[in-house]
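Peer 1: fold the following, please.
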Amino acid sequence: MHIVHIQIQVKPEFVDAFRQATLANARESMKEPGVARFDILQQPDDPAKFVFLEVYRSLEANGAHKETKHYATWRDTVEPMMAAPRARTLFTNVFPDDKGW
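Peer 2: Numbers count the residues shown, from 1 in each chain. Next up is the predicted model:
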């Protein structure tokens with residue numbers, strides 16, 4: 001599995017529009033065969049802060065996601081809504097895994 005956490009700070013006046021664009025992207029992303037999980041989290045005490053938890057079946061699936069039309073539409077739509085560049089952290093799973101940990 002290829003796991004990505006993305007932290008996004010949205011300009012307060014764009015929170016609702018960002019959510020709408022992001023939900024549309026997430027719904028389409030879940031239709032991709034290489035996507036295992038695509039969670040969108042919003043911080044309750046600061047609704048302009050979001051974290052995406054994206055789980056791909058492979059590194060190649062993550063690359064394929066970035067080539068989709070819905071991702072390009074989302075990226076181009078929300079870029080001006082962000083208060084700062086998005087931050088990304090990559091992970092690999094320790095448990096559960098295919099080794100029976």
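Peer 1: so who does Ala26 touch?
Peer 2: 38, 40 (CB atoms under 8 Å, 6 or more residues apart in numbering). For the C-beta atoms, the positions are set from N, CA and C on the backbone; glycine is no exception.
Peer 1: tell me which element it is part of?
Peer 2: Taking DSSP states H and E as the criterion, Ala26 maps to helix 15-29.
Peer 1: for that helix, buried residues please.
Peer 2: 15, 18-19, 21-22, 25-26, 28-29 (16 or more other CB atoms under 10 Å).
Peer 1: average model confidence for it?
Peer 2: Helix 15-29 comes out with an average pLDDT of 98.
Peer 1: chain center to the next helix or strand along the chain from that helix, what's the gap?
Peer 2: For helix 15-29, the following helix or strand on the C-terminal side (DSSP H and E) is strand 35-42. Remark: strand 35-42 is offset 6 Å from the chain centroid, using CA atoms, centre = their mean, to the nearest Å.
Peer 1: in strand 35-42, what's buried?
Peer 2: 35-36, 38, 40, 42.
Peer 1: repeat that for stretch 76-89.
Peer 2: Neighbour counts over stretch 76-89 (16+ other CB under 10 Å) mark 77-78, 81-82 as buried.
Peer 1: using CSV, list the CA coordinates for that stretch.
Peer 2: Extracted C-alpha coordinates of stretch 76-89, given in CSV (Å, rounded to 0.1, in the frame of the first residue of the first chain):
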residue,chain,number,x,y,z
ASP,A,76,-7.0,23.8,-10.8
THR,A,77,-10.3,24.7,-9.0
VAL,A,78,-9.0,24.7,-5.4
GLU,A,79,-5.4,26.0,-5.9
PRO,A,80,-6.5,29.7,-5.6
MET,A,81,-8.6,28.7,-2.5
MET,A,82,-5.6,27.6,-0.5
ALA,A,83,-4.1,29.9,2.1
ALA,A,84,-0.7,28.1,1.8
PRO,A,85,0.8,25.3,-0.4
ARG,A,86,-0.5,21.9,0.6
ALA,A,87,1.9,19.7,2.5
ARG,A,88,2.3,16.0,1.8
THR,A,89,3.6,13.1,3.9
